[in-house]
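Colleague: Could you work out the structure for the sequence below:
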Amino acid sequence: MSTTATYQVDGMTCGHCAQSVTEELTALDGVSDVQVELVGGGTSTVTVTSDAPLERDAVAAAVTEAGYALTPPRSLL
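Modeller: Just a heads-up that it's a prediction; the model follows:
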C-alpha cells in the first residue's frame, strides 16, 4: 500500500528546478512518484508517493540537496 504526502517548496522558478527536486526525491528509498506543481517565484507544491511514510527530515534534506527549501509545516490552530 502506498502513501502520498504533499510538501511546500520555496525558490523553484522553472522546469529545471522542478526536475532537480524530482531527481533528489526519487532517489529516496521507497519513493515511486513525484509530482511538482510549479509556481515560479512563489511556493510550489510537491506531492510524493512512497511505499511507506517518509521522514520529513529526509524529504527536507533531499530538497536542500537540490538547492531549495521546504516551507515550515503550517499549524492547524
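
Colleague: element containing residue 25?
Modeller: With secondary structure defined by DSSP states H and E, residue 25 is part of helix 15-26.

Colleague: which parts of the following helix or strand past that helix are buried?
Modeller: Using DSSP H and E, the next helix or strand after helix 15-26 towards the C-terminus is strand 31-37. For strand 31-37, a neighbour-count test (16 or more other CB atoms under 10 Å) marks 31, 34, 36 as buried. The way it works is simple: take the backbone N, C-alpha and C, and place the C-beta from them, glycine included.

Colleague: helices and strands around the helix holding residue 25, which ones?
Modeller: strand 31-37, strand 43-50, helix 56-65 (3 or more CB pairs under 8 Å, 6 or more residues apart in numbering; DSSP states H and E).

Colleague: and of the buried residues of strand 31-37, the nearest to residue 52?
Modeller: residue 31 (10.1 Å; CB to CB).

Colleague: Throw the buried residues of strand 31-37 into CSV and include pLDDT and distance to residue 22, thanks.
Modeller: Shown next, in CSV, are those (pLDDT from 0 to 100; distance: CB to CB, whole Å):
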residue, pLDDT, distance to residue 22
31, 98, 10
34, 98, 5
36, 97, 6
